[in-house]
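S.K.: have a look at this fold, sequence not included:
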């Protein structure tokens with residue numbers, strides 16, 4: 001079990017949520033927890049806890065590349 005974070009801008013939130021939902025559905029993954037917070041200097045941060053470390057690793061790879 002591992003928490004993953006995805007920082008993004010408010011302008012990108014709607015697109016990111018759509019992409020995130022598609023990724024989770026494709027991998028048949030249901031997060032144990034999901035939260036969006038606003039952080040000074042960063043913008044928005046999505047935090048999810050995923051049950052399987054392998055899925056957390058795959059999620060981070062997929063979305064870190066997309067946000068860079």
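M.R.: Done, it's in. Just so you know, these numbers come straight off a predicted model, no measurement behind them. Numbers count the residues shown, from 1 in each chain.
S.K.: strand partners of whatever helix or strand residue 34 lives in, parallel vs antiparallel please.
M.R.: Element membership of residue 34 [criterion: DSSP states H and E] is strand 33-39. Sheet pairing of strand 33-39 (DSSP bridges) gives strand 43-50 (antiparallel).
S.K.: pull out the buried positions in the strand it pairs with.
M.R.: Buried residues in strand 43-50, defined by neighbour count with 16 or more other Cβ atoms under 10 Å: 44, 46, 48, 50. Every C-beta, even on glycine, is put in place using the N, C-alpha and C of the backbone.
S.K.: wait, isn't the second one in contact with residue 36?
M.R.: Translated: residue 46. Yes: using Cβ atoms under 8 Å, residue 46 is in contact with residue 36, at 5.3 Å.
S.K.: quick revisit: for the strand holding residue 34, the averaged confidence score.
M.R.: Averaging pLDDT along strand 33-39 gives 95.
S.K.: circling back: adding pLDDT and distance to residue 63, write the buried residues of strand 43-50 out as JSON lines.
M.R.: Converted to JSON lines, the buried residues of strand 43-50 look like this (pLDDT from 0 to 100; distance: Cβ to Cβ, whole Å):
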{"residue": "44", "pLDDT": "93", "distance to residue 63": "13"}
{"residue": "46", "pLDDT": "94", "distance to residue 63": "9"}
{"residue": "48", "pLDDT": "96", "distance to residue 63": "10"}
{"residue": "50", "pLDDT": "96", "distance to residue 63": "12"}
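S.K.: fine by me, we can end here.
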